[in-house]
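J.: Just the structure for this:
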Amino acid sequence: MAALMGPQTQGMLQEGATESKGENARMASFVGALAIADLVKSTLGPKGMDKILQSMGRGQEVTVTNDGATILKSVYLDNPAAKVLQDISKVQDDEVGDGTTSVVVLAGELLREAEQLIAQKVHPMTIIAGFREAEAVAKAELAGAAFSHAEHPETFRKDLLNIAKTTLSSKILTADKEHFAELAVEAISRLKGSGNLDAIHLIKKTGGALKDSFLDEGFILDKKIGVGQPKRITDAKVLIANTPMDTDKIKIYGARVRVDSMAKVGEIEAAEKEKMREKCQKIIKHGINCFINRQLIYNFPEEIFADAGVMAIEHADFDGIERLALVLGGEIASTFDHPDDVKLGHCKQIEEIMIGEDKLIHFSGVALGEACTIVLRGASSHILEEADRSLHDALCVLNETVKEPRCLYGGGWPELRMARAIEEAAKKTPGKKSLAMEAFARALRQLPNTIADNAGLDSADIIATLRAAHGADPHGTRMGVDVITGDAGDMADRGIYESYRVKQQVVLSATEAAEMILRVDDIIRCAPRQRN
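T.: Numbers count the residues shown, from 1 in each chain. This next block holds a predicted model:
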């Protein structure tokens, strides 16, 4: 009877499908998750190392980065538990923009501790219950440790600068972090709390050095103005469109037109030309002096626009045209029969400028006053790509800090403070749950430990010093890992600040991911698809 109650799953599965149960399934999950955490662990902190990612596609593109989300996004994974960590890294990147490596490393350390508890015959559900209690204590301690200067604009701006410098110190921009922190804070300040990051446009131009990067008020479009057209317009009325402007050529593929003379072919071409002329006249009747199209503009319509004194800009990529519509206060049109229904964009001046050896189009005095463009300069495309990712992370963190203005000291200070609070709570918790809570505290302490290790410091000595400092004065100490002096230091004096929102998200996401993997006791892999 007992044999009938437990059916053999293996017999039901399609041929080629595999199943891992119990201890084997849990071991496979732990191995995959720990491997992915160890992969990105060396990139954590101000002295973290970079990874080179080489694609196997045509051209074998190379990416050099230390951004956890970018690394994990680019790696092909076969282990299902590793994919869970890959997902939490992506969510962390989408949600708050930074902490993508920290969240994976913390989840990996929680699972490493859980593996040892399971070896001591502690049930996974007991570990999960302990982790949940520890998470609640950590959240409460983090909220109590946070501080805000939102009511003092000058002090809050300094906090934002410190947060930006801390975020950039672990990236390629660390050598010029003061310059880029100023750029990021200035760009975010212009948003006036709207949180609309689409209004900040990043342009990458090779040449010069990273410190030559600058912020420009207005919008810069990486395109050229058409031939024979005005290179400068004031008080611009702009029609932004996504419409084909190449119908002076018959482009119905496979169409066959039978004619009995070449004159008939000329008539077809003339009809096409007349149709295009009518379309251009409809566009000009909108009372515009600048026409920007998502698609190509062929020579004939370009000539008509030039004769009418209208600046025509073609092939503005879709991301560019969406931003333009937002920044200029217009809408993207595709039909032109009713000019009253089309919302035009406005700006004070459009002109052609040069950055390096490239010509670009500059829109100044745009309708959306907070819009700005950050132009990144650098020696190579790889450096610019990484600079773009780094600055984007800083902008996202600052944007979140403006919405949730609470801050924390950095350098492992929050982790040590949370770990101490969890250990105090564990002493008052009966049963095996207290073991899981102590394990959670040890996992949190691994983050400052890893920061010190990656900087080539004596992590055991530094963490012991910090534990003593936090034990002696739990609520007054501001001690954390200072990788510059290679010792424990006062985080407030060093200006090492972090966003409360980022740190909170790291703890919540890592705990949930570890809990999900701990619950697994069965892995079923589908049979591979048969190819005939």
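
J.: Let me see the ranges of the helices in the stretch 301-450 of the chain.
T.: Secondary structure of the stretch 301-450 of the chain (DSSP state H, counting those that start in this stretch): helices at 318-328, 381-403, 413-427, 433-454.

J.: low pLDDT regions in the chain?
T.: Within the chain, the stretches with pLDDT under 70 are 1-23, 25, 247-255, 318-319, 522-532.

J.: beta partners for residue 374?
T.: Assessed by DSSP bridges, residue 374 has beta-bridge partners residue 202, residue 215.

J.: gap between it and residue 401?
T.: Going from residue 374 to residue 401 by C-beta to C-beta, to the nearest Å gives 18 Å. In short, each C-beta sits where N, CA and C put it, glycine included.

J.: With residue 432 instead?
T.: According to C-beta to C-beta, residue 432 stands 39 Å off from residue 401.

J.: higher neighbour count, the two?
T.: Neighbours were tallied for residue 432 and for residue 401 using other C-beta atoms under 10 Å; the higher tally belongs to residue 401 (26 against 17).

J.: Which residue ranges of the stretch 51-200 of the chain form strands?
T.: Taking DSSP state E, counting those that start in this stretch as the test, the strands found in the stretch 51-200 of the chain are 51-54, 62-65, 200-206.

J.: most packed of those strands?
T.: Neighbour counts (mean count of other C-beta atoms under 10 Å) averaged over each of those peak at strand 200-206, with a mean of 19.

J.: Kindly export that strand (C-alpha atoms) in CSV.
T.: C-alpha atoms of strand 200-206 as CSV (Å, rounded to 0.1, in the frame of the first residue of the first chain):
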residue,chain,number,x,y,z
ILE,A,200,18.8,63.0,-19.0
HIS,A,201,20.4,62.0,-22.3
LEU,A,202,23.8,60.3,-22.3
ILE,A,203,26.0,60.6,-25.5
LYS,A,204,29.2,58.7,-25.9
LYS,A,205,32.0,60.3,-28.2
THR,A,206,35.4,58.7,-28.5
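
J.: how far off helix 318-328 does it point, in degrees?
T.: Relative orientation of strand 200-206 with respect to helix 318-328: 130 degrees, computed using axes from the mean of the first three to the mean of the last three C-alpha atoms, to 10 degrees.

J.: Check which helices and strands strand 200-206 sits against.
T.: Judged by 3 or more C-beta pairs under 8 Å, 6 or more residues apart in numbering; DSSP states H and E, strand 200-206 is in contact with strand 219-221, strand 372-378, helix 381-403.

J.: TSV please, covering those and showing distance to residue 503.
T.: As requested, these are exported to TSV (distance: least, C-beta to C-beta, whole Å):
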stretch	distance to residue 503
strand 219-221	34
strand 372-378	26
helix 381-403	11
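
J.: follow-up on the earlier one: which one of the strands of the stretch 51-200 of the chain lies nearest to residue 458?
T.: Closest of those to residue 458 is strand 51-54, at 25.5 Å (criterion: C-beta to C-beta).

J.: State the paired neighbours of the closest one in the sheet, together with their directions.
T.: Here strand 51-54 is paired, per DSSP bridges, with strand 62-65 (antiparallel).

J.: hmm, back to that, save the strands of the stretch 51-200 of the chain as a markdown table, and put in distance to residue 45 too.
T.: Shown next, in a markdown table, are the strands of the stretch 51-200 of the chain (distance: least, C-beta to C-beta, whole Å):
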| stretch | distance to residue 45 |
| --- | --- |
| strand 51-54 | 15 |
| strand 62-65 | 15 |
| strand 200-206 | 25 |
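
J.: Compare the ones you listed and give me the one nearest residue 78.
T.: For these, proximity to residue 78 was assessed by C-beta to C-beta; strand 51-54 is nearest, at 17.2 Å.
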